[in-house]
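S.K.: Model the following, please.
(chains A and B)
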2 protein chains.
Amino acid sequence: MKNTVDPEQSAEASTVESHDFAASVKSIPDFPIPGVVFRDLSPLWQDAEMSKLAIAQMAHDVVLSTGKPDVVVGIESRGFIYGMALALHWDIPFVPFRKPGKLPGLLLRESFQLEYGSAELECQVGAIDPGDRVLVHDDVIATGGTAEAAQKLIEQTGASLVGFSFVIELRDLKGRDRLSAPVFSLITY
Amino acid sequence: MKNTVDPEQSAEASTVESHDFAASVKSIPDFPIPGVVFRDLSPLWQDAEMSKLAIAQMAHDVVLSTGKPDVVVGIESRGFIYGMALALHWDIPFVPFRKPGKLPGLLLRESFQLEYGSAELECQVGAIDPGDRVLVHDDVIATGGTAEAAQKLIEQTGASLVGFSFVIELRDLKGRDRLSAPVFSLITY
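M.R.: Residues are numbered from 1 along each chain as shown, chains lettered A, B, ... in the order given. This is a model prediction of the structure:
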């Protein structure tokens, strides 16, 4: 394994040197529907060095405010991309929250509203212990419906939700107002 | 960041010490349909040390056979979980191949047959260069339909497909017979 970036150093450097993560986001007008600007993280995912800095910065922001969590939850599906990397960064479990019908076994389930219709998020019973301090990760927070469903799932487990970590926050949509734990965003629009 | 496992050491150790990765897989009968045994990777994802060993072993097997790739493709959505970790391991780009309607911009598309009906996989134009040596990662290979669609997408880009890396291979379903590049599997059933 190449380790050109020492994780300790990147976490440190990121508090001193400010990285222009937004330069690795491509804005695509009128996707998925007219009038919406889609923030595409593909350029960031294609840049391993910048991705490592982004993960280190997200982890740093969380630890500084709430301490190291016990579990990282990644929300399907783009929350899986950096979610596992965050869990590996901290040497802690990764737990996926998935769309209905994907997870086997006994499940917890929460429904939430989308702009048109509704959706559901599921979690395996026993994946999170009541004593766990849980961080929820997703790529983007918009209106916050999915994040709020994740919050309710964690409430069902009896665990403590210590925060939400997003790569991108769309501030105008006020998603964070629906959440009862601190919100950490790497890039805001 | 904690670094209790030195990545170089794990890659090295994995060639000497054999890890029982299968012990971190839970077999669930009759999911998603009666008669099918679902191989659940949740216990592996919840074990950060074992996940690091798994990623190091997968990377080791690929490098030993075909050399380091230039790009890791992760197939939506469970291929995202270790796909980005593999890309970070090698310091190379991560590119998601996604279900229809998720990726913005100009796209390449391949249709493939499922047991009932058909599905599609998409890739952004320009995400992979014609000269790239590409590794495709997914969590499980069963009948190989999705992997074959990924292979065809890579053919469309003009890049070289150097191999497929799966956490689990269901040998009886002969998915590897549909693929034209080497298949590396951490666990086989």
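S.K.: which element follows the helix or strand containing A:M84 toward the C-terminus?
M.R.: Assigned by DSSP states H and E, A:M84 belongs to helix A:79-90. Following helix A:79-90 in sequence order, the next helix or strand is strand A:94-97 (DSSP H and E).
S.K.: near chain B at all, the helix or strand that that next one is followed by?
M.R.: As assigned by DSSP H and E, the chain's next helix or strand after strand A:94-97 is strand A:107-113. No: figure legend: strand A:107-113 not in contact with chain B (CB under 8 Å from any CB of the partner chain); closest approach 11.3 Å. (C-beta placed from N, C-alpha, C; glycine too.)
S.K.: Return the list of helices and strands in contact with strand A:107-113.
M.R.: strand A:118-124, helix A:145-157 (3 or more CB pairs under 8 Å, 6 or more residues apart in numbering or on different chains; DSSP states H and E).
S.K.: Partner strands of it, with direction?
M.R.: Strands adjacent to strand A:107-113 in the sheet, as given by DSSP bridges, are strand A:118-124 (antiparallel).
S.K.: Against which helices or strands is the helix holding A:M84 packed?
M.R.: Contact analysis of helix A:79-90 by 3+ CB pairs under 8 Å, 6+ apart lists helix A:48-66, strand A:71-75, strand A:94-97, strand A:133-141, helix B:48-66, helix B:79-90 as its packing neighbours.
S.K.: now those as TSV including mean pLDDT?
M.R.: Output for the helices and strands packed on helix A:79-90, formatted as TSV (pLDDT from 0 to 100):
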stretch	mean pLDDT
helix A:48-66	98
strand A:71-75	98
strand A:94-97	98
strand A:133-141	98
helix B:48-66	98
helix B:79-90	98
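S.K.: which one of these lies closest to B:T188?
M.R.: Nearest of those to B:T188, taken as CB to CB: helix B:48-66 at 12.5 Å.
S.K.: For A:V167, grab phi and psi.
M.R.: phi -70, psi -40 (degrees, to the nearest 10).
S.K.: roughly how far is stretch A:97-117 from the heart of the chain?
M.R.: Relative to its chain's centre, stretch A:97-117 lies at 17 Å (CA atoms, centre = their mean, to the nearest Å).
S.K.: will you turn the helices and strands packed on strand A:107-113 into CSV that also has mean pLDDT and mean neighbour count?
M.R.: What follows is the helices and strands packed on strand A:107-113, written out as CSV (pLDDT from 0 to 100; neighbours: other CB atoms under 10 Å in any protein chain shown):
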stretch, mean pLDDT, mean neighbour count
strand A:118-124, 96, 17
helix A:145-157, 98, 21
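S.K.: about what we covered before: of all the helices and strands packed on helix A:79-90, which lies closest to A:L103?
M.R.: Comparing those under CB to CB, the one sitting nearest is strand A:94-97, at 7.6 Å.
S.K.: quick one: strands adjacent to the closest one?
M.R.: Checking strand A:94-97 against DSSP bridges gives partners strand A:71-75 (parallel).
S.K.: right, and A:S185 touches A:G163 too?
M.R.: No: using CB atoms under 8 Å, A:S185 makes no contact with A:G163, being 10.9 Å away.
S.K.: before we move on, back to that, let's have the helices and strands packed on strand A:107-113 in a markdown table, adding distance to B:W45.
M.R.: Formatted as a markdown table, the helices and strands packed on strand A:107-113 follow (distance: least, CB to CB, whole Å):
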| stretch | distance to B:W45 |
| --- | --- |
| strand A:118-124 | 11 |
| helix A:145-157 | 17 |
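S.K.: among these, which is nearest B:D139?
M.R.: Closest among those, using CB to CB: strand A:118-124, at 15.6 Å.
S.K.: Show me what the residue most central in space within chain A is bridged to.
M.R.: What sits nearest the mean C-alpha location of chain A, by CA atoms, centre = their mean, is A:H137, with 1.9 Å. Judged by DSSP bridges, the bridge partners of A:H137 are A:G74, A:S165.
S.K.: follow-up on the earlier one: point out the one among the helices and strands packed on strand A:107-113 that comes closest to B:L53.
M.R.: Short answer: strand A:118-124, nearest of the helices and strands packed on strand A:107-113 by CB to CB, at 22.6 Å.
S.K.: and the closest one with helix A:145-157, angle?
M.R.: Per axes from the mean of the first three to the mean of the last three CA atoms, to 10 degrees, the angle that strand A:118-124 makes with helix A:145-157 is 40 degrees.
S.K.: Need the contact partners of strand A:118-124.
M.R.: A:73, A:75-76, A:95, A:97-100, A:102-112, A:145-146, A:149-150, A:153, A:156-157, B:42 (CB atoms under 8 Å, 6 or more residues apart in numbering or on different chains).
S.K.: Drop anything exposed from the residues you listed.
M.R.: Among those, those that count as buried by neighbour count (16 or more other CB atoms under 10 Å in any protein chain shown) are A:73, A:75-76, A:95, A:97-98, A:103-104, A:107-108, A:110, A:112, A:145-146, A:149-150, A:153, A:157, B:42.
S.K.: mind checking pLDDT for A:P130?
M.R.: A:P130 carries a pLDDT value of 97.
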